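A.B. asks: here's a sequence, model it:
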Amino acid sequence: MSHTFVDTHCHFDFPPFTGAEDESLRLAGEAGVRQIIVPSVTSDRFRGILSLAKKFPQLHAALGLHPLYISEHKDSCLELLDSLLTHRDPHLVAVGEIGLDLYMETPRFEQQQRVLKAQFAMAKREMLPVILHSRRSHDQLAAMLRQAKLPATGVVHGFAGSLSQAQAFIKLGFAIGVGGTISYERAQKTRQVMAQLPLSSLLLETDAPDMPLQGFQGQPNRPERAAKVFDILCSLRSETAEQIAAALLDNTRRIFNLSAL
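C.D. replies: Numbering: from 1, shown residues only. Okay, here's the model as predicted:
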């Protein structure tokens, strides 16, 4: 039985997809990936992502300032984001990719927090969900989310923390993104977490062209490989493939307010 998927996190505005959008979407569609959410990383990519979403009905835009690029984010970047969210394009479904990162060499953590707090305020005002990046910062991010009280919640993407950290996010109403990390046998902690979390809190993602799956190291990741992530998730959980596929789709539609496929 074929299933329908949404890749809730794919940087489709980067190579190898740039200039090969039609072929990339065809391959994704053949694997059952019918829709893709494309988050931004810097303000100079905002309009390009919106243009992609307008051109290709399978794509949805998310606009935000990624913490890894904190040195590039000026006040003018926040002002542009604020303007684009205020005059919201119908193809825009979330604020993202935003969050915190303590893994990088020079984190500028106070600035990260300031930029994130400003983006939380915009998401709250516009009632939009958020797509969250978090590396070595789960506890700090959860604390900021408790303070922000975002009504539309969102997803913690590429999650590789502990079960208790995942449960803390779920308690706040957030979903957990399941990606290629679970394809690695050495990622036992993450595999066990994804096996134990409530199915109602999981979303499917690739983070393409990043986060390659086991067996594809050194190659750009691709949205059609969301189907492989799904197969691995099914092998880790007790529910049937049909139940898991239906739940992932329902969760995605609910969080991002997507119409039925």
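A.B. asks: what sits against residue 39?
C.D. replies: Counting by C-beta atoms under 8 Å, 6 or more residues apart in numbering, residue 39 touches 9, 11, 62-64, 66, 94, 96-97, 131. Backbone N, C-alpha and C define where each C-beta goes, glycine included.
A.B. asks: if you set the cut-off to 10 Å instead, what comes out?
C.D. replies: 8-13, 45, 49, 60-64, 66, 94-98, 130-131, 133, 157, 205, 207 (C-beta atoms under 10 Å, 6 or more residues apart in numbering).
A.B. asks: low-confidence regions, the chain specifically.
C.D. replies: 1, 260-261 (pLDDT under 70).
A.B. asks: pull the longest helix from it.
C.D. replies: Ranked by number of residues, the top helix in the chain under DSSP state H is helix 109-126.
A.B. asks: could you check the angle helix 109-126 makes with the next helix or strand after it?
C.D. replies: Sequence order places strand 130-135 as the next helix or strand after helix 109-126, per DSSP states H and E. Counting by axes from the mean of the first three to the mean of the last three C-alpha atoms, to 10 degrees, strand 130-135 points 160 degrees away from the direction of helix 109-126.
A.B. asks: so how far is strand 130-135 from its chain's centroid?
C.D. replies: Relative to the centre of its chain, strand 130-135 is centred 7 Å away, using C-alpha atoms, centre = their mean, to the nearest Å.
A.B. asks: also stretch 47-61?
C.D. replies: Between the centre of stretch 47-61 and the centre of its chain there are 16 Å (C-alpha atoms, centre = their mean).
A.B. asks: please renumber the chain so that the first residue is 37 from this point on.
C.D. replies: I'll keep to 37 as the first residue from here, and by that count the last item is stretch 83-97.
A.B. asks: quick one: terminal-to-terminal distance for it?
C.D. replies: Terminal residues of stretch 83-97 are spaced 10 Å apart (C-alpha to C-alpha, to the nearest Å).
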